[in-house]
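In: Using only what follows, build the 3D model:
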Amino acid sequence: MAWMLNGAMNFVLIGPLDVIREETVGWDAAAVIYPSVSSCTTVTLYNGAAGMAGFHVTMGTTQPKVAALLDRAATHLGGVTHIVHAGRLTQSLPGGWNTFNGLQWPQQAATMRAMIPAPAAASRSVDTPVGMQVNVKAYWHNNGPAIALSPDPNALTPGAAGWAQVALT
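Out: Numbering: from 1, shown residues only. Here you go, the predicted structure:
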């Protein structure tokens, strides 16, 4: 399912999608895809192999919206064992959500674990290439979270060609 956060801070169902666009939260048991990530950040919460929920924010997304998206994802999932942050983690815009105290990278990981709360959740990350727009696929693989990237704008399904798994840090 995918839910968009509108300007009035209300969630609007946009469909049974595993494609999570900007300022949207969604979940799926097998994989979620974040399209067109260039200056964005994606955050995927995993509940072991039971499923995942995540959200997609831009550098200009407000801090209250980030908190609402995180809460919606964590509430749906029920329990969080792993968190993966992927996108332009080290870039920000003046006044953007990731410029506030505790939300800059790498402090962002600990802050989000505290906000959920899931203090024991393992945090991993992928800083996507500067100047390149990619689709990000989050999934569970070999008993752990995994991320694959695709530069193909049409790769919006988990089984599409062109996905390359990347190392998590």
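
In: quick one, helices of the chain?
Out: Taking DSSP state H as the test, the helices found in the chain are 63-77, 107-115.

In: List the buried residues of the first one.
Out: Meaning helix 63-77. 65-66, 68-70, 72-74, 76-77 (16 or more other C-beta atoms under 10 Å). The C-beta positions use only the backbone N, C-alpha and C, and glycine is treated the same way.

In: Repeat that for stretch 27-39.
Out: 27-28, 31-35, 37-39.

In: and these as TSV, adding pLDDT and distance to G102?
Out: Formatted as TSV, the buried residues of stretch 27-39 follow (pLDDT from 0 to 100; distance: C-beta to C-beta, whole Å):
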residue	pLDDT	distance to G102
W27	88	25
D28	87	29
A31	90	30
V32	90	25
I33	91	28
Y34	92	23
P35	90	28
V37	91	23
S38	86	24
S39	84	20
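
In: For L5, give me the pLDDT.
Out: We have a pLDDT of 63 for L5.

In: swap in M132?
Out: Per-residue confidence (pLDDT) for M132: 84.

In: For it, give me its contacts.
Out: 38, 151 (C-beta atoms under 8 Å, 6 or more residues apart in numbering).

In: Could you pull up phi and psi at it?
Out: phi -130, psi 130 (degrees, to the nearest 10).

In: how close does it sit to S92?
Out: 18 Å (C-beta to C-beta, to the nearest Å).

In: likewise A155?
Out: 27 Å.
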